[in-house]
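Asks: Structure for this input, please:
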Amino acid sequence: MLAVRLPEYENRLKILAIKTGRTRAFYVKELFKRHFPEIEDNYLKIDSLDDIRNRGTINAIKKVEKNKGVKKYKSTKEIFASWRDK
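Replies: As a prediction, this is how the structure comes out:
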């Protein structure tokens, strides 16, 4: 079960349900069926791009460390933690 408050759509949804004789849940389910896959794909693509960008940044940092003799870190978390400390 999922509970979501959407006050800006509540009246429109209620009117639609009354006029058509269907439930509000019917229309919410329809919205999910028709649009959720598209939203899911878009956000997963964005997340994947962010992962690729982050990996590129981390690899660049590691390359600089290797070539310039910069302090070695045990993990990526340590790298980002060191940035926060400065």
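
Asks: in this protein, what spans have low per-residue confidence?
Replies: The model of the chain has pLDDT under 70 over residues 47-86.

Asks: quick one, helices of the chain?
Replies: With DSSP state H as the criterion, the chain has helices at 7-20, 24-68, 76-85.

Asks: Buried residues of stretch 14-33, list them for me.
Replies: Y27 (16 or more other Cβ atoms under 10 Å). Quick note: C-beta positions are derived from backbone N, CA and C, even for glycine.

Asks: For it, measure first residue to last.
Replies: 19 Å (Cα to Cα, to the nearest Å).

Asks: Quick one: residues contacting the nearest residue to L16 once chain neighbours are set aside.
Replies: Nearest residue to L16, sequence neighbours excluded (Cβ to Cβ, 6 or more residues apart in numbering): Y27, at 6.2 Å. Counting by Cβ atoms under 8 Å, 6 or more residues apart in numbering, Y27 touches 13, 16-17.

Asks: Same list (the residues you listed) but as a markdown table, adding distance to F36.
Replies: Formatted as a markdown table, these follow (distance: Cβ to Cβ, whole Å):
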| residue | distance to F36 |
| --- | --- |
| L13 | 17 |
| L16 | 19 |
| A17 | 20 |
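
Asks: Kind regards, and thank you for your time.
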